[in-house]
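Q: Sequence and predicted structure are below.
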Amino acid sequence: MAGLCHTQHLIFAWSEIQVMNGKTILIVDDEIPIAEMFRMILDAAGYTTIMTHNAGDVPAILSSSAVDLMILDVMMPGTSGFDLIREVHKMDRLARLPVIFVSAKSDPDDVDEGMGAGALAYLTKPVSRAELLAAVERVFKEEAAR
């Protein structure tokens, strides 16, 4: 419940913020310190962020918010990031939602599964500020070129 309340607060706060660069990023990671670090890095870079620690919140967030990119953990309670993105991409409106996976799983088979599930990038934890921002900027450039 705490994750849901926190998410609702962030969604409300998001609607009140003047967006600096027009891009909104959803961060989904059950590890609160990592999600908070990503949020601080992305907020400082001028992105608007929405964050949840519960994969079950994602469908509601995506139906009520305009999200340009999702940063998604692979290993979460109840579901994997791989399964979650496959479900999200089945929705017509979200079929092309860009995704960056972040995970402690670095095995080449895991990276292949993530990319096969629809990710545009796969980062292995720990992720540096420079790595995160470079991946986000690359994904947005690729999307703009489409």
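A: Great, that's in hand.
Q: Do a quick rundown of the helices in this structure.
A: With DSSP state H as the criterion, the chain has helices at 2-16, 32-44, 58-64, 81-89, 108-116, 129-145.
Q: closest one to Val74 among those helices?
A: Set against Val74 and scored by C-beta to C-beta, those come closest in helix 81-89, at 4.2 Å. Just so you know, the C-beta spots here come from the backbone N, C-alpha and C atoms, and that holds for glycine as well.
Q: What residues of that closest one count as buried?
A: Buried residues in helix 81-89, counted by 16 or more other C-beta atoms under 10 Å: 81-82, 84-85, 88.
Q: which one of those residues sits closest to Pro59?
A: Using C-beta to C-beta, Val88 comes nearest to Pro59 of these, at 7.6 Å.
Q: That closest one against Ala60, yeah?
A: No: contact between Val88 and Ala60 fails when scored by C-beta atoms under 8 Å: they sit 11.9 Å apart.
Q: that older thread, any chance of the buried residues of helix 81-89 in CSV with pLDDT and distance to Asn54 as columns?
A: Formatted as CSV, the buried residues of helix 81-89 follow (pLDDT from 0 to 100; distance: C-beta to C-beta, whole Å):
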residue, pLDDT, distance to Asn54
Gly81, 96, 13
Phe82, 96, 17
Leu84, 96, 11
Ile85, 95, 16
Val88, 95, 15
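Q: Check these and tell me the two furthest apart.
A: Pairwise distances across those (C-beta to C-beta) peak at 11.1 Å, for the pair Phe82 and Val88.
Q: Give the residue spans of this protein that score low on pLDDT.
A: 1-20 (pLDDT under 70).
Q: how does it look with 50?
A: Judged by pLDDT under 50, the chain has its weakly predicted residues at 1-19.
Q: Spatially central residue in it, please.
A: Ile71 (2.1 Å; C-alpha atoms, centre = their mean).
Q: got a list of what it touches?
A: 25-29, 38, 99-100, 102, 132, 136 (C-beta atoms under 8 Å, 6 or more residues apart in numbering).
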